[in-house]
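Peer 1: Any chance you could fold what I've pasted below:
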Amino acid sequence: MDKFESRCETWVRLGCGLQDNIIIFNTMCLSVLSFVAQLVNVPEPVVNRIKYWKQRFARGPWNWLLDTDLDHLSGLGFRAQTKDLSVVAAAAQLRVVHGPGGLSAGTLLRRREGIEKCRRDCDDLILRSAHTRWVSHAPTQTILSTMERLRDTGMTKACIHELISSKDMEAESSESKLKLIIKIRKQFQSTAARTIAVAISPFDWEARIRAKLELLLHRNGASHRVSRLHAVRTQRNLHTVCKLLPPRVAFASLHTIFNGWCTGERFGMRRLCPLCRRVGALGVRGKDSLHHVPHCIITKKLCSMLGLEFQD
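Peer 2: Residues are numbered from 1 along each chain as shown. Okay, the predicted model is just below:
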């Protein structure tokens with residue numbers, strides 16, 4: 001855990017964009033814990049620290065974007081999203097069972113006999129006995145309990161096999177079947193993780209966007225509620241932005257919709273807009289708020305200089 005936190009601290013200091021931070025978090029930081037998580041359950045203190053560092057990687061006002069939002073950004077069209085360690089661990093544990101030999105009845109019987117022999121031989125060495133029992137017993141029990149938990153939600157090894165091979169089952173030659181087996185082994189964990197995430201923790205982006213927009217409108221003095229159609233259109237617009245524009249523009253749009261900019265109004269402060277406060281002669285100066293930015297005279301002049309048509 002210390003290695004994970006030191007890596008997070010190092011990368012946060014670089015001040016990269018949100019997409020780069022997500023990729024760094026998944027590949028450089030979370031990977032430190034994922035190897036151990038395939039054999040042991042993730043304790044609550046570790047989960048809380050992961051949530052904390054996801055907030056640090058998001059940058060900006062605290063809780064403008066939650067860790068659950070970061071785990072489901074693909075639902076808004078973004079190409080990168082953070083990984084949920086519990087989902088990755090469950091998929092890895094299922095892969096361990098799926099691997100050559102798996103946890104067959106014979107393997108479990110041999111492990112049980114080894115544990116009993118260890119207890120008989122090491123009664124006088126309590127620490128050694130306890131450690132050996134953990135090494136031999138705890139990972140097996142963790143993986144088996146994960147299998148039972150996933151089975152209760154309809155997630156099985158057969159389900160993952162069917163998802164991967166559904167389009168390739170018509171292959172008849174032995175060579176094609178061999179390629180299919182290799183493909184299943186390579187894609188098993190990633191497909192299992194995606195399927196487990198949908199089965200265990202479905203995410204309602206429509207309700208989340210409506211709640212955020214209502215909070216934003218309330219801060220700007222509006223009294224009406226956001227309709228379902230408004231939330232659906234916002235979600236579709238984000239999908240379009242993610243396809244047509246660079247990631248930094250898409251994440252800037254997400255910052256705006258989710259009220260993630262560090263404006264004075266966001267922090268309950270009364271101060272003038274930093275863009276137009278020194279040019280009051282050009283027009284009425286506005287507050288430092290997200291609601292004012294589209295109507296700021298500097299924003300309008302910038303749009304005209306860039307040849308963009310500004311609609312008030």
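
Peer 1: hang on, residue 22 packs against residue 80?
Peer 2: Yes: the criterion here is CB atoms under 8 Å, and residue 22 meets it with residue 80 at 4.5 Å. For the C-beta atoms, the positions are set from N, CA and C on the backbone; glycine is no exception.

Peer 1: Give me the common contacts of those two.
Peer 2: Shared contacts of residue 22 and residue 80 (CB atoms under 8 Å, 6 or more residues apart in numbering): residue 73.

Peer 1: Specify which residue of the two has the higher count of neighbours.
Peer 2: residue 22 (24 against 17; other CB atoms under 10 Å).

Peer 1: contacting residues for that one?
Peer 2: Applying CB under 8 Å, 6+ apart to residue 22 gives the contacts 57, 70, 73, 80, 81, 82.

Peer 1: same thing but at 10 Å, please
Peer 2: Contacts here follow CB atoms under 10 Å, 6 or more residues apart in numbering; on that basis residue 22 touches 16, 54, 57-58, 70, 73, 78-83, 247, 251.

Peer 1: Just the buried ones from those?
Peer 2: The neighbour count (16 or more other CB atoms under 10 Å) marks 54, 57, 58, 70, 73, 78, 80, 81, 82, 83, 247, 251 as buried among the contacts of residue 22.

Peer 1: Let me have these in a markdown table, adding distance to residue 233 as columns.
Peer 2: Formatted as a markdown table, those follow (distance: CB to CB, whole Å):
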| residue | distance to residue 233 |
| --- | --- |
| 54 | 28 |
| 57 | 29 |
| 58 | 25 |
| 70 | 23 |
| 73 | 19 |
| 78 | 18 |
| 80 | 24 |
| 81 | 22 |
| 82 | 26 |
| 83 | 29 |
| 247 | 22 |
| 251 | 19 |
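
Peer 1: re earlier: what's the lowest-pLDDT member of the contacts of residue 22?
Peer 2: Model confidence across those bottoms out at residue 16, which has 85.

Peer 1: Isn't it up against residue 57?
Peer 2: Yes: Residue 16 lies in contact with residue 57 (CB atoms under 10 Å); the separation is 8.8 Å.

Peer 1: Find the residues that touch each one of these two.
Peer 2: By CB under 10 Å, 6+ apart, residue 16 and residue 57 have these common neighbours: 22, 24.

Peer 1: Buried residues in the helix or strand containing residue 208, which are they?
Peer 2: Using DSSP states H and E, residue 208 falls within helix 205-219. Within helix 205-219, the residues that qualify as buried by neighbour count (16+ other CB under 10 Å) are 205, 208, 209, 210, 212, 213, 214, 216, 217, 219.

Peer 1: can you check stretch 146-162 too?
Peer 2: Those buried within stretch 146-162 under the rule 16+ other CB under 10 Å are 146, 147, 150, 155, 157, 159, 160.

Peer 1: Give me the distance from it to the chain's centre.
Peer 2: Centre-to-centre, stretch 146-162 and its host chain are 22 Å apart (CA atoms, centre = their mean, to the nearest Å).

Peer 1: tell me the contacts of residue 10?
Peer 2: By CB under 10 Å, 6+ apart, the residues touching residue 10 are 24, 28, 29.

Peer 1: check contacts around the first one.
Peer 2: The contact partners of residue 24, taken as CB under 10 Å, 6+ apart, are 7, 8, 10, 11, 12, 14, 16, 30, 57.

Peer 1: can you give me the helices in the stretch 201-312 of the chain?
Peer 2: 205-219, 228-244, 247-257, 297-305 (DSSP state H, counting those that start in this stretch).

Peer 1: closest one to residue 275 among those?
Peer 2: Among the helices of the stretch 201-312 of the chain, the nearest to residue 275 by CB to CB is helix 297-305 (4.0 Å).

Peer 1: Do me a favour and average the pLDDT over the closest one.
Peer 2: 81.

Peer 1: same question, stretch 1-12
Peer 2: 85.

Peer 1: Tell me, how many residues neighbour the nearest residue to residue 160 once chain neighbours are set aside?
Peer 2: Nearest non-adjacent residue to residue 160, counting by CB to CB, 6 or more residues apart in numbering: residue 192, 5.0 Å away. Here the number of neighbours of residue 192 (other CB under 10 Å) works out to 26.

Peer 1: what about residue 192, helix or strand, and which?
Peer 2: Going by DSSP H and E, residue 192 is in helix 174-200.

Peer 1: for that helix, what is the average pLDDT?
Peer 2: Here helix 174-200 scores 74 as its mean pLDDT.

Peer 1: can you redo the helices of the stretch 201-312 of the chain as CSV with distance to residue 270?
Peer 2: Listed next are the helices of the stretch 201-312 of the chain as CSV, based on distance: least, CB to CB, whole Å:
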stretch, distance to residue 270
helix 205-219, 13
helix 228-244, 29
helix 247-257, 21
helix 297-305, 20
